[in-house]
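A.B. asks: Following is a predicted model, sequence given first.
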Amino acid sequence: MRREFSFALLFLLPAPFAATQQPAATISDQTRVYHDESGVTAPILTYSSPENPHGGVFKKDLYGLAVFSAVVDVNGVPHEFHLVRPPGHGLDTLASTVVDSDRFSPGTYRGTPVNAAIFIEVGLPAYKDTEKDGNGQKVETFHLKSPPTQIVELQPPPPVALVNVPRQPTVTLPDGSYINPDGAKTTAPRVIRSVEASFSNEARMARVQGVCLVSLIVDPHGMPQQLHLARSLTPSMDQKAFEAIEQYRFQPAMKNGVPVPVVITIEVDFRLY
């Protein structure tokens, strides 16, 4: 069964993807990522212990304020970190360590745990020290002076305005990325897990074959969103295509190094052999 990918029905990726690609080991298999919308509650921070704060007064006290975007899955584990606001003072690694250790009571939609897109604001009371590494060389290290302060809130829904992929990219680069007319470098989303669509029983008995086209948004977390039919085959086969594509996982499109939502179309070619 062949699948081909295109941006907004305009820009075909170089080759179809096999159904045996490596699975994504990040977000839960539940497809949708929920945002700040009616009926959704934010995840609640329940645990954070990257290191034991040292307390006391230090000569090189620092304070940094970082903001991360992340997705908290149905088990309360954060994934897909992106540093939205660096803390400065060389505290990026310490901030990432704090967020990576966080665990949550998951967000819910109408009482059911869901994948939730959040922003985490992390206040870092820290200090800088000098220690020796394994080779005996002096290196600067950063530690928490007191427990970090963290504020968690749901992200707003993704913007309606999506990346426009030109019909004829101005410049196509060797790595498959391209330069838009506005000068922005954009990379295509890449499938990191695909699932083979199966035939419905009635379609198999009737020996139905053909192509179903499904358009969707690949969001900044690499999740398929807002699936709709661009070309129908039969109702039962359309449903089978949807069920398979909902389980896809992507490396998101990147524009100037920032994850962005894009529209793509997946062609599912049903053939009996």
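C.D. replies: The structure has been received and is ready for your questions. From a predicted model like this one, the values you see are computed outputs, not experimental measurements.
A.B. asks: Kindly list the single helix or strand of the protein that scores lowest on mean pLDDT.
C.D. replies: Ranking every helix and strand in the chain by mean pLDDT, DSSP states H and E puts strand 11-12 at the bottom, with a mean of 33.
A.B. asks: So in this structure, which strand runs the longest?
C.D. replies: strand 115-132 (DSSP state E).
A.B. asks: for that one, packing partners?
C.D. replies: Applying 3 or more CB pairs under 8 Å, 6 or more residues apart in numbering; DSSP states H and E, we find strand 115-132 packed against strand 33-34, strand 61-72, strand 78-85, helix 92-101, strand 138-144, strand 149-154. Every C-beta, even on glycine, is put in place using the N, C-alpha and C of the backbone.
A.B. asks: Report the buried residues of that strand.
C.D. replies: 115-120, 122-128 (16 or more other CB atoms under 10 Å).
A.B. asks: How about stretch 234-248?
C.D. replies: Thr234, Met237, Asp238, Lys240, Ala241, Phe242, Ala244, Ile245, Glu246, Gln247, Tyr248.
A.B. asks: Same question for stretch 198-218.
C.D. replies: By neighbour count with 16+ other CB under 10 Å, stretch 198-218 contains the buried residues Phe199, Ser200, Ala203, Val208, Val211, Cys212, Leu213, Val214, Ser215, Leu216, Ile217, Val218.
A.B. asks: Among those residues, show me the least confident.
C.D. replies: On pLDDT alone, Ala203 ranks lowest of the buried residues of stretch 198-218, at 80.
A.B. asks: contacts for stretch 84-93?
C.D. replies: The contact list for stretch 84-93 (CB atoms under 8 Å, 6 or more residues apart in numbering) reads 62-69, 83, 94-95, 119, 122, 124, 126, 128, 140, 142.
A.B. asks: how does it look with 6 Å?
C.D. replies: With contacts defined as CB atoms under 6 Å, 6 or more residues apart in numbering, stretch 84-93 is touched by Leu62, Gly64, Leu65, Ala66, Val67, Ser69, Ala95, Leu124, Ala126, Phe142.
A.B. asks: The fifth one: what's its closest spatial neighbour, skipping adjacent residues?
C.D. replies: This means Val67. Leaving aside its sequence neighbours, Val67 sits nearest to Arg85 (CB to CB, 6 or more residues apart in numbering; 3.8 Å).
A.B. asks: if I look at that neighbour, how far off is Ala203?
C.D. replies: Distance, Arg85 to Ala203, by CB to CB, to the nearest Å: 51 Å.
A.B. asks: and the nearest residue to Ala116 once chain neighbours are set aside, backbone torsions?
C.D. replies: Nearest non-adjacent residue to Ala116, counting by CB to CB, 6+ apart: Gly107, 3.1 Å away. Here is the backbone geometry of Gly107 (degrees, to the nearest 10): phi -70, psi 160.
A.B. asks: Could you list everything the residue nearest to Thr41 when sequence neighbours are not counted pairs with in the sheet?
C.D. replies: Closest residue in space to Thr41, ignoring its immediate chain neighbours: Thr108 at 4.8 Å, by CB to CB, 6+ apart. Thr108 has these beta-bridge partners by DSSP bridges: Thr41, Pro113.
A.B. asks: any chance you could map the helices in the stretch 101-250 of the chain?
C.D. replies: For the stretch 101-250 of the chain, the helices defined by DSSP state H, counting those that start in this stretch occupy 201-205, 235-245.
A.B. asks: Check those for me: which has the lowest mean pLDDT.
C.D. replies: Taking the mean pLDDT of the helices of the stretch 101-250 of the chain, helix 201-205 comes last: a mean of 83.
A.B. asks: Might one say that Phe68 is in contact with Glu80?
C.D. replies: No - with contact defined as CB atoms under 6 Å, Phe68 does not count as touching Glu80 (9.8 Å).
A.B. asks: Show the pLDDT at the closest residue to Phe142 other than its chain neighbours.
C.D. replies: Closest residue in space to Phe142, ignoring its immediate chain neighbours: Leu94 at 4.8 Å, by CB to CB, 6+ apart. Here, the pLDDT recorded for Leu94 equals 91.
A.B. asks: tell me, how many neighbours does Leu94 end up with?
C.D. replies: Other residues lying near Leu94 total 23 when counted by other CB atoms under 10 Å.
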